[in-house]
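A.B. asks: Next come a sequence and a model predicted from it.
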Amino acid sequence: MKWKLEAAGIGVALVLTLLPACVEAQYGGVVRRTTRRRTAVVVGTSVHAADEAAAAKEQAETQKQTPPPPAAPPPPPAVGSVVSSLPSGCTEKQVSGTVYHQCGQTWYRAAFEGNQLVYVTTAPPG
Amino acid sequence: MNPRNLATSAARRALYALALCAVATTALRAQGTAQAPTVDPVAVQLLRVATDYVGSLEQFSAEARNHREDLLPSGQRVDYYKGGQFSVRRPNKYFGQRLGSGVDQELYFDGRTLTLFDPSQSVYASRTVSGGFPQMFTFAFDSLGLYVPMTDLLWPDAFPLLMKNVTYAAVIDREVISGVRCTHLLFSRPDVDFQIWVADSGPPFPYQYIVTDNGTAERLSIVTTITSWKVESALADRIFTFVPPKGATAITFLTPLGD
């Protein structure tokens, strides 16, 4: 029991250990390097965008001859998967005292995961 | 002096200089090492006074402001803030409210039932817990993954828990937190540093508490500033008892074993 008290007593520390860890200590150097990197990215993106535009034009010419097949719809999320927010266009329905959110063909119900309000994919109620 | 003696003498002087330099460096290193692992009994005593005082209060309330440092995946630093209040009636009644970054929550514990309520979405989840704060805090954290604000300072035996594995303790300075003159204390444990500011005069309330992850180069912290401490005498049961508002929906807690 004592170890559990200790473990929970440093709850803040445990929360901290879950935080992402990816920063450099030398802030001045980071700012300079970030500026240069962003410039490089913007320039690189412009060049890349020009290439993409040419490629798209070429692809459009090809598509005139052979239209591509329609893209398959994305598969529905697996039952039991957790999302932090609902997609748009959902409707709320109460079934046997439980509130469900129907978003297209996918059903969700709200739950707390720790301190966070989340939505869990469920099978259609019934 | 012949050239051979000259060369020998120069080499000897160089060796002496090198040896002196090595001794001085070793002495400085030894001095630094000797100073590092110290535990100032004054800092320890002030922490004991503050935690014993809060632990002795039967009923109290306060306001808390929480500031969490974080990093985006891009490496940019961001800071999140929450504000709230809490009320405590020992041995087993707690109410806490937090509002801010991504959170709108009220946490109730009436001695038997633990309830987390989200007023903005009007949803709540409850679980039965028997016992006092130790059982409630342990169940909330271990079984539900729920962080109850201010628990570090609310444990009945907060002092030994905080001092466990402390390798360094120091009085840093005297500073003013939220208009109150406080003594600033620093403690180090493996992977965690914590700082606490204890009021210099009047009741020895802690006015600020910072926990820093010292296990990574980023040294991110969570800062909690506690103000408006109030020793209460008659906190009513209804403060700690959750009554679902009209239209509120019961939901569940997700747990590792399923809900």
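C.D. replies: Sure, I can see it.
A.B. asks: helices and strands of chain A: which one has the lowest mean pLDDT?
C.D. replies: None of the helices or strands of chain A scores lower by mean pLDDT, DSSP states H and E than helix A:11-17, at a mean of 33.
A.B. asks: So, low pLDDT: which residues of chain A?
C.D. replies: Applying pLDDT under 70 to chain A picks out residues A:1-65.
A.B. asks: Need the mean per-residue confidence for stretch B:232-239.
C.D. replies: The pLDDT scores in stretch B:232-239 average 96.
A.B. asks: residues of that stretch that come out buried?
C.D. replies: For stretch B:232-239, a neighbour-count test (16 or more other Cβ atoms under 10 Å in any protein chain shown) marks residue B:235 as buried. For the C-beta atoms, the positions are set from N, CA and C on the backbone; glycine is no exception.
A.B. asks: what do you get for stretch B:77-87?
C.D. replies: B:82, B:84-87.
A.B. asks: One more: stretch B:150-169?
C.D. replies: Applying 16+ other Cβ under 10 Å to stretch B:150-169 flags B:150-155, B:158-159, B:161-163, B:166, B:169 as buried.
A.B. asks: Show me which of those is closest to chain A.
C.D. replies: Nearest to chain A out of the buried residues of stretch B:150-169 is residue B:161 (Cβ to the nearest Cβ; 4.0 Å).
A.B. asks: just checking, that closest one is part of a strand?
C.D. replies: No: secondary structure assignment (DSSP: H, G, I helix; E, B strand; the rest coil) places residue B:161 in helix, not in a strand.
A.B. asks: how close does it sit to residue B:57?
C.D. replies: As judged by Cβ to Cβ, to the nearest Å, residue B:161 and residue B:57 stand 18 Å apart.
A.B. asks: Please enumerate the helices of the stretch 51-200 of chain B.
C.D. replies: With DSSP state H, counting those that start in this stretch as the criterion, the stretch 51-200 of chain B has helices at B:133-144, B:151-154, B:158-163.
A.B. asks: just how off-centre is the last one within its chain?
C.D. replies: On the basis of Cα atoms, centre = their mean, to the nearest Å, the separation between the geometric centre of helix B:158-163 and that of its chain is 11 Å.
A.B. asks: Packing partners of that helix?
C.D. replies: Applying 3 or more Cβ pairs under 8 Å, 6 or more residues apart in numbering or on different chains; DSSP states H and E, one finds that helix B:158-163 contacts helix A:2-9, helix B:41-56, helix B:151-154.
A.B. asks: ditto for the second one
C.D. replies: Using 3+ Cβ pairs under 8 Å, 6+ apart as the contact criterion, the secondary-structure elements in contact with helix B:151-154 are helix A:2-9, helix A:11-17, helix B:41-56, helix B:133-144, helix B:158-163, strand B:206-213.
A.B. asks: least reliable of the ones you listed going by mean pLDDT?
C.D. replies: Across the helices and strands packed on helix B:151-154, helix A:11-17 gives the lowest mean pLDDT, at a mean of 33.
A.B. asks: Taking the stretch 1-150 of chain B, what residue is nearest to chain A?
C.D. replies: residue B:145 (3.7 Å).
A.B. asks: pLDDT wise, what is that residue at?
C.D. replies: Note on residue B:145: pLDDT of 89.
A.B. asks: mind checking how far it is from residue B:254?
C.D. replies: 8 Å.
A.B. asks: Which residues are in contact with each of the two?
C.D. replies: By Cβ atoms under 8 Å, 6 or more residues apart in numbering or on different chains, residue B:145 and residue B:254 have these common neighbours: residue A:113.
A.B. asks: The two: which is more packed in?
C.D. replies: Each of residue B:145 and residue B:254 has its neighbours counted (other Cβ atoms under 10 Å in any protein chain shown); residue B:254 has more, 20 against 16.
A.B. asks: and residue B:108, what is it in contact with?
C.D. replies: By Cβ under 8 Å, 6+ apart, residue B:108 lies in contact with B:94-95, B:114-115, B:117, B:240-242.
A.B. asks: Count residues in the vicinity of residue A:108, would you?
C.D. replies: Close neighbours of residue A:108, defined as other Cβ under 10 Å, add up to 22.
A.B. asks: So what pairs up with it in the strands?
C.D. replies: Beta-bridge pairing for residue A:108 (DSSP bridges): residue A:101, residue A:121.
A.B. asks: just to revisit the earlier point, so the residue of the stretch 1-150 of chain B closest to chain A is in contact with residue A:113, correct?
C.D. replies: Yes: here residue B:145 reaches residue A:113: they are 6.9 Å apart, a contact under Cβ atoms under 8 Å.
A.B. asks: quick one: contacts for the closest residue to residue B:230 other than its chain neighbours?
C.D. replies: Distances taken as Cβ to Cβ, 6 or more residues apart in numbering or on different chains put residue B:61 closest to residue B:230, at 5.1 Å, once the chain neighbours are dropped. By Cβ under 8 Å, 6+ apart, residue B:61 lies in contact with B:85-88, B:228-230, B:232, B:235.
A.B. asks: residue ranges with poor pLDDT in chain B?
C.D. replies: B:1-37, B:256-259.
A.B. asks: Strands of that one, start to end?
C.D. replies: Assignment of strands within chain B using DSSP state E yields the ranges B:59-71, B:77-89, B:93-100, B:103-109, B:113-118, B:123-128, B:168-177, B:180-189, B:192-199, B:206-213, B:221-231, B:249-250, B:252-253.
A.B. asks: if we look at the second one, which residues are touching it?
C.D. replies: Looking back up the chat, that one is strand B:77-89. Contacts with strand B:77-89, where a contact means Cβ under 8 Å, 6+ apart, come from A:23, B:57-72, B:94-103, B:149-150, B:154, B:228, B:232, B:235, B:239-240.
A.B. asks: Are any of the residues you listed buried, and if so which?
C.D. replies: Among the contacts of strand B:77-89, the ones that count as buried by 16+ other Cβ under 10 Å are A:23, B:60-69, B:71, B:94-98, B:100, B:103, B:149-150, B:154, B:235, B:240.
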